[in-house]
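Trainee: Got a sequence here, can you build the structure:
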Amino acid sequence: MFLNTDSKYIWLNGKFQPFDDTNIHLLSHTLHYGLGVFEGLRAYETNDGGAIFRLQEHTSRLFDAAKKINLDIPLSVKEVNQIQIDTMIKNNLKEGYIRPIIFLGHESMGLRAKDLVSVNVAIACWEWPSYMDPEAKKKGISIVRSPFKQYENPLYSNNKIIGTYVNSILALHDAIDKEADEALLLDKNGFISEGSGENIFIVKDSALYTPRTDFCLNGITRQSVIEIAGRMDIPIQEKDLTYDDLLDADEAFFSGTAVEITPITILDKKSIGNGLRGKITEKLQSKYSEIVSGQDSDYDHWLTRL
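Mentor: Numbers count the residues shown, from 1 in each chain. The predicted structure follows:
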């Protein structure tokens with residue numbers, strides 16, 4: 001997954017360190033108990049060099065999640081934004097994936113984290129050609145209904161908190177064991193929530209639908225798709241969706257920083273629609289590609305140039 005690490009650097013607590021030599025203490029509190037937050041962003045090459053997609057929104061969400069679990073990030077939003085830019089430049093990357101992470105130190109062990117004095121900040125970035133097989137963007141992927149339910153607690157389902165992703169890992173591994181590409185998680189009420197790490201949309205009768213965010217992450221890419229669809233005069237509605245709604249859909253796709261917009265063509269070995277990428281999905285994919293590569297000036301405010 002990681003390429004050319006001998007010439008890459010990670011920013012940790014104020015300085016750059018060699019990618020392969022950046023370490024944390026074995027007794028770091030977050031390693032044992034999962035109290036920490038993270039983000040995932042992508043940068044894309046444009047005609048004007050590299051650009052990070054929706055940097056401000058991602059960093060704001062990072063700080064919001066940290067506040068919810070009482071982590072006081074020892075930097076400002078502006079500083080964390082700039083460090084992400086600097087890390088991409090330091091690593092000579094115009095395109096790539098960016099991972100900020102906030103974690104607790106090793107001053108003590110146990111659930112009582114009140115006497116921990118260090119809140120650590122690290123930012124890494126690396127080449128990220130494609131999260132899934134590039135052909136999946138055309139042919140679509142297969143998913144299966146997961147036996148694992150999405151968390152009932154909105155704190156866990158609505159924020160990128162480190163320890164809460166065990167559920168997603170188990171769901172994805174179960175899907176892979178069943179020879180599918182991804183998992184479909186339902187919420188406590190039996191409605192569709194999301195994939196293991198992606199939001200989901202369906203198309204029915206030329207209208208777009210996506211689950212409400214009671215028990216799923218309000219993804220930045222999800223928000224982007226909703227806005228893009230609105231500007232393209234594609235009807236869009238957030239509502240409770242059932243398994244049968246998805247099975248009966250004309251089209252379906254996942255959205256997310258890693259998967260971008262990826263069609264879903266098979267659910268539990270049954271075809272969705274005609275089993276091919278749909279026209280609306282393709283239109284949204286095309287527009288999204290134009291936007292992140294800097295080819296649509298109407299969305300230039302979503303890009304932070306390196």
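Trainee: as a whole number, average confidence for the helix or strand that contains E79?
Mentor: Using DSSP states H and E, E79 sits in helix 77-90. Throughout helix 77-90, pLDDT has a mean value of 98.
Trainee: buried stuff in that helix?
Mentor: For helix 77-90, burial by neighbour count (16 or more other CB atoms under 10 Å) applies to 80-81, 83-85, 87-88. For glycine as for every other residue, the C-beta is placed from the backbone atoms N, C-alpha and C.
Trainee: and the helix or strand hosting F16, which residues are buried?
Mentor: Per DSSP H and E: F16 is located in strand 15-18. The neighbour-count check on strand 15-18 (16+ other CB under 10 Å) flags F16 as buried.
Trainee: Show me what the following helix or strand past it is packed up against.
Mentor: Moving toward the C-terminus from strand 15-18, the next helix or strand (DSSP H and E) is helix 29-33. The contact analysis (3 or more CB pairs under 8 Å, 6 or more residues apart in numbering; DSSP states H and E) places helix 29-33 against strand 96-104.
Trainee: quick one on the thing from earlier: run me through the strand neighbours of the strand holding F16, direction for each.
Mentor: Counting by DSSP bridges, the strands paired with strand 15-18 are strand 9-12 (antiparallel).
Trainee: I'd like the distance between the closest residue to D214 other than its chain neighbours and D205.
Mentor: Leaving aside its sequence neighbours, D214 sits nearest to P154 (CB to CB, 6 or more residues apart in numbering; 6.7 Å). Per CB to CB, to the nearest Å, P154 is found 31 Å from D205.
Trainee: The two: which has the busier surroundings?
Mentor: Under the neighbour definition other CB atoms under 10 Å, P154 and D205 were set side by side, and P154 has more, 13 against 7.
Trainee: For burial, what's the neighbour tally of E57?
Mentor: E57 is flanked by 15 other residues according to other CB under 10 Å.
Trainee: hey, C-alpha coordinates of stretch 121-135 in PDB?
Mentor: What follows is stretch 121-135, C-alpha atoms only, in PDB (Å, rounded to 0.1, in the frame of the first residue of the first chain):
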ATOM      1  CA  VAL A 121      -0.800  15.200  16.500                       C
ATOM      2  CA  ALA A 122       0.600  13.400  13.500                       C
ATOM      3  CA  ILE A 123       0.000  13.900   9.800                       C
ATOM      4  CA  ALA A 124       1.000  11.400   7.200                       C
ATOM      5  CA  CYS A 125       0.400  11.300   3.400                       C
ATOM      6  CA  TRP A 126       1.100   8.800   0.700                       C
ATOM      7  CA  GLU A 127       0.300   7.900  -2.900                       C
ATOM      8  CA  TRP A 128      -3.200   6.500  -3.300                       C
ATOM      9  CA  PRO A 129      -3.900   5.300  -6.800                       C
ATOM     10  CA  SER A 130      -7.200   3.600  -6.100                       C
ATOM     11  CA  TYR A 131      -8.900   2.100  -3.000                       C
ATOM     12  CA  MET A 132     -10.600  -0.500  -5.200                       C
ATOM     13  CA  ASP A 133      -9.900  -2.000  -8.600                       C
ATOM     14  CA  PRO A 134     -10.100   0.900 -11.000                       C
ATOM     15  CA  GLU A 135     -12.400  -1.200 -13.100                       C
END
